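Student: Coordinates for the following, if possible.
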Amino acid sequence: MPAQARVTPAPGTARRSGAVVPERPRWHGRLAARMIHILLTGLASTLRWEIRDEAGFMPAANTDRVVFVTWHNRLALALPTYQRITRRHPPGRVFAGMVSASSDGGLLAHSMGLFGAEAIRGSSSRRGPQALRELVSAGRRGCDIAVTPDGPRGPRYVAKEGPVLAAQITGLPMVPVGIQTDWHKALASWDAFRIPLPFSRCRVRLGPRIVVPRELDAAGRAEILAHLQRQLETLNA
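Tutor: Have a look, this model is predicted:
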């Protein structure tokens with residue numbers, strides 16, 4: 001009888017009954033996540049915020065849920081930005097964002113939890129279809145959704161159709177977001193990830209809502225994706 005082949009999980013994930021199980025951070029990862037939360041909260045308090053809302057999202061009476069879309073290298077300020085633009089809203093408003101199933105993603109997911117956000121574990125290469133279903137489910141449960149259209153591996157500043165699909169399935173409008181800081185450090189990563197520097201001016205722009213009809217075909221989605229690309233380029237210029 002031939003020996004049974006042994007399947008080795010991909011690095012950064014575990015397998016249980018054939019399914020990819022997202023990794024959770026160990027104690028040092030949880031400690032690092034708490035430090036990130038403290039540092040980002042402190043950093044955000046030093047910034048000079050300028051927010052322009054063309055989506056009509058910020059008024060306290062607004063109860064609409066949306067799909068926020070911003071570039072991957074702006075993620076350092078995504079959670080503080082969300083806290084700023086919802087601070088007049090009733091308590092309990094949260095957003096859900098997709099995070100890698102890897103160990104690094106586990107650290108980021110724990111950081112998001114400290115900000116009160118919900119992390120959906122997966123990417124285009126791991127748990128992609130399941131993660132998209134969970135993201136859609138979060139939208140239907142009343143969460144705002146956050147998507148980085150050029151993540152998780154790029155190319156940088158090239159939007160893929162993930163947010164368009166999420167908006168089409170959930171019926172939630174997309175809101176493209178620009179986040180620009182005068183002073184920041186760009187890391188040597190594929191996306192040139194930006195670390196804002198203290199006391200910088202931070203300009204946030206919420207672009208006009210983009211509605212994706214449920215009955216739209218592939219050609220229609222491609223047209224809306226091209227429009228989203230142009231909006232993100234303009235808002236982050």
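Student: Count the residues that sit near Val164.
Tutor: 26 (other C-beta atoms under 10 Å). Just so you know, the C-beta spots here come from the backbone N, C-alpha and C atoms, and that holds for glycine as well.
Student: Residues contacting the helix or strand in which it is found, please?
Tutor: Assigned by DSSP states H and E, Val164 belongs to helix 162-170. Identification of contacts with helix 162-170 by C-beta atoms under 8 Å, 6 or more residues apart in numbering yields 67, 69, 98, 124, 132, 135-136, 139-140, 145, 147, 149, 172-174, 210-214, 216, 221, 224-225, 228.
Student: For the lengthiest strand in the chain, output the C-alpha coordinates as CSV.
Tutor: As assigned by DSSP state E, the longest strand anywhere in the chain is strand 174-181. C-alpha atoms of strand 174-181 as CSV (Å, rounded to 0.1, in the frame of the first residue of the first chain):
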residue,chain,number,x,y,z
MET,A,174,-18.2,52.9,-2.8
VAL,A,175,-16.5,56.0,-1.3
PRO,A,176,-13.0,56.6,-2.6
VAL,A,177,-10.7,58.1,0.0
GLY,A,178,-7.6,60.2,-0.3
ILE,A,179,-5.2,60.5,2.6
GLN,A,180,-2.2,62.8,2.1
THR,A,181,0.3,63.9,4.7
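Student: What is it packed up against?
Tutor: Counting contacts by 3 or more C-beta pairs under 8 Å, 6 or more residues apart in numbering; DSSP states H and E, strand 174-181 packs against strand 67-69, helix 78-85, helix 162-170, strand 201-206, helix 218-235.
Student: hang on, the earlier thing: any of the contacts of helix 162-170 buried? List them.
Tutor: Buried subset of those (neighbour count, 16 or more other C-beta atoms under 10 Å): 67, 69, 98, 132, 135-136, 139, 145, 147, 149, 172-174, 210, 212, 216, 221, 224-225, 228.
Student: show me where pLDDT drops low in the protein?
Tutor: 1-25, 27, 29, 101-105, 123-128 (pLDDT under 70).
Student: And the helices in it?
Tutor: Per DSSP state H, the chain carries helices over the ranges 27-46, 78-85, 103-114, 128-140, 162-170, 218-235.
Student: right, and the ones you listed - which one's nearest Leu197?
Tutor: helix 27-46 (8.3 Å; C-beta to C-beta).
Student: Now the closest one: buried residues?
Tutor: For helix 27-46, using 16+ other C-beta under 10 Å, the buried residues are 29-30, 33, 36-37, 40, 43-44.
Student: try stretch 176-185
Tutor: For stretch 176-185, using 16+ other C-beta under 10 Å, the buried residues are 176-181, 184.
Student: Adding distance to Ala192, write the helices of the chain out as JSON lines.
Tutor: Output for the helices of the chain, formatted as JSON lines (distance: least, C-beta to C-beta, whole Å):
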{"stretch": "helix 27-46", "distance to Ala192": "19"}
{"stretch": "helix 78-85", "distance to Ala192": "16"}
{"stretch": "helix 103-114", "distance to Ala192": "17"}
{"stretch": "helix 128-140", "distance to Ala192": "24"}
{"stretch": "helix 162-170", "distance to Ala192": "21"}
{"stretch": "helix 218-235", "distance to Ala192": "15"}
